[in-house]
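A.B. asks: For reference, the sequence and a predicted model appear below.
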Amino acid sequence: MDAVVRLQGLTKYYGKHLGVRDLDLEVQRGAVFGYLGPNGAGKTTTIRLLLDFLRPTSGRAWVLGHDAQKESPEVRRRVGYIPGEPALYKNLTGQDFLAYAASLRGGVDWSSIRSLAQRLDCDLSRPIGTLSRGNRQKIAVVHAFMHNPEVLFLDEPTSGLDPLMQQEFNSIVREARAAGQTVFLSSHILSEVEELCDQVGIIRSGQLVKVESVAALKARALRSLDIEFGGPVPQGEFVGLKGVSDVTVTDSHLHCKVTGALDPLVKAAARYQVVNIVTHQPSLEEIFLAFYGKEEPKDVAA
């Protein structure tokens with residue numbers, strides 16, 4: 001296997017405050033790797049270390065076989081990047097900004113820029129400073145993808161995009177994967193990662209707590225359910241069922257959380273008249289609390 005991103009003991013402190021600690025990770029060529037964690041977990045710090053915008057306190061990182069610190073110009077030449085908060089030249093139009101960025105790279109096929117802008121319904125004629133958050137994000141997407149980079153580092157890339165544009169962005173990422181490009185996608189949105197990624201790394205409080213396939217993540221997905229019955233039901237019927245937790249029954253209403261298959265709960269509920277079932281997608285923070293405990297170190301900075 002060909003690891004295009006590799007971290008070895010990567011650690012960053014901001015003074016006394018932890019950014020990330022002892023990260024060991026490999027991302028293989030052609031993969032879409034989801035870097036998943038709540039806000040402030042250390043996702044942005046990791047990407048900035050890989051691009052040499054920050055220097056590590058200890059440890060090393062490599063991108064495409066190049067030392068991320070010692071050979072950072074070569075790394076940046078071969079990657080695309082969407083920062084969490086894109087800083088664009090507000091006095092330039094989108095077209096002027098992208099032309100300037102392309103010239104710094106020695107030229108980019110303008111047809112690629114036009115195609116991406118058209119797909120994202122991106123108006124390149126207006127000054128960037130007059131654009132909404134979502135429209136500025138579109139320009140950041142075009143900027144990252146326009147030169148067909150070997151590796152893409154995408155930090156919360158769909159922030160500000162409306163649902164239709166999010167779907168188009170997802171299509172662009174899938175095409176990049178099909179073309180053999182590698183994608184390192186930072187997100188706190190579980191559904192986004194599930195839809196796009198082959199593998200995920202879960203970071204919490206600056207530490208990598210799990211690396212697993214998306215299939216494994218889905219297999220133990222946590223869901224919150226409310227079931228309304230035709231009449232009162234005994235709570236004891238649902239306590240102790242496989243995968244079912246946090247059971248509360250109030251008269252004819254059941255609330256619980258389910259991990260994995262719904263079959264045991266559905267079979268128990270079918271013994272009574274079911275009026276309605278509502279399922280809720282839990283927040284990422286709830287999932288982390290369920291699987292990785294409740295203690296948060298107090299020295300986490302980013």
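C.D. replies: That came in fine, so what should we check first? Numbers count the residues shown, from 1 in each chain.

A.B. asks: So Thr44, which state does it fall into?
C.D. replies: Classification of Thr44 using DSSP: H, G, I helix; E, B strand; the rest coil returns helix.

A.B. asks: Measure how buried the closest residue to it other than its chain neighbours is and give me the count.
C.D. replies: Spatial nearest neighbour of Thr44, chain neighbours left out: Gly84 (5.2 Å); criterion: C-beta to C-beta, 6 or more residues apart in numbering. All C-beta spots, glycine's among them, are computed from the backbone N, C-alpha and C. Neighbours of Gly84 under the rule other C-beta atoms under 10 Å: 15.

A.B. asks: and if you look at Lys138?
C.D. replies: Using other C-beta under 10 Å, Lys138 has 25 neighbouring residues.

A.B. asks: backbone phi and psi for it, please?
C.D. replies: Lys138 adopts backbone torsions of phi -60, psi -40, taken as degrees, to the nearest 10.

A.B. asks: Enumerate every residue touching the residue lying farthest from the centre of the chain.
C.D. replies: Centroid-distance maximum for the chain: Gly231 at 42.4 Å, with C-alpha atoms, centre = their mean. Gly231 makes contact with 252, 272-273, according to C-beta atoms under 8 Å, 6 or more residues apart in numbering.

A.B. asks: again, only using 6 Å
C.D. replies: By C-beta atoms under 6 Å, 6 or more residues apart in numbering, the contact set of Gly231 is Ser252.

A.B. asks: quick one: it and Glu175, what's the gap?
C.D. replies: 53 Å (C-beta to C-beta, to the nearest Å).

A.B. asks: Kindly confirm my reading that the residue farthest from the centre of the chain forms part of a helix.
C.D. replies: No - counting by three-state DSSP, one finds Gly231 to be coil, located in no helix.

A.B. asks: What distance do you get for it to Ser103?
C.D. replies: 72 Å.

A.B. asks: Next: Glu175.
C.D. replies: With C-beta to C-beta as the criterion, Glu175 and Ser103 are 25 Å apart.

A.B. asks: can I assume the residue nearest to Thr44 is in contact with Leu154?
C.D. replies: No - assessed by C-beta atoms under 6 Å, Gly84 is found out of contact with Leu154, at 9.7 Å.

A.B. asks: Run a quick neighbour tally on Ala31.
C.D. replies: 20.

A.B. asks: Would you map the helices across the stretch 151-300 of the chain?
C.D. replies: Under the criterion DSSP state H, counting those that start in this stretch, helices of the stretch 151-300 of the chain are mapped to 163-178, 190-196, 214-219, 263-269, 284-292.

A.B. asks: Which one of the ones you listed lies nearest to Thr57?
C.D. replies: helix 284-292 (23.8 Å; C-beta to C-beta).

A.B. asks: Name the nearest residue to Ile202, sequence neighbours excluded.
C.D. replies: Lys210 (4.3 Å).

A.B. asks: try Ser213
C.D. replies: Per C-beta to C-beta, 6+ apart, closest to Ser213 is Gln199, 5.6 Å.

A.B. asks: which residues in the stretch 1-150 of the chain form strands?
C.D. replies: For the stretch 1-150 of the chain, the strands defined by DSSP state E, counting those that start in this stretch occupy 3-14, 17-28, 32-36, 58-63, 66-67, 79-82.

A.B. asks: May I ask you to confirm that Thr182 is in contact with Arg6?
C.D. replies: No - using C-beta under 6 Å, Thr182 makes no contact with Arg6, being 11.9 Å away.

A.B. asks: These two - which one has more neighbours?
C.D. replies: A count of neighbours by other C-beta under 10 Å puts Thr182 above the other of Thr182 and Arg6, at 25 against 18.

A.B. asks: Quick check, pLDDT for the residue positioned nearest the centre of the chain.
C.D. replies: Centrality entry for the chain: nearest residue to the mean C-alpha point is Ser187, 2.1 Å, by C-alpha atoms, centre = their mean. Note for Ser187: predicted pLDDT of 87.
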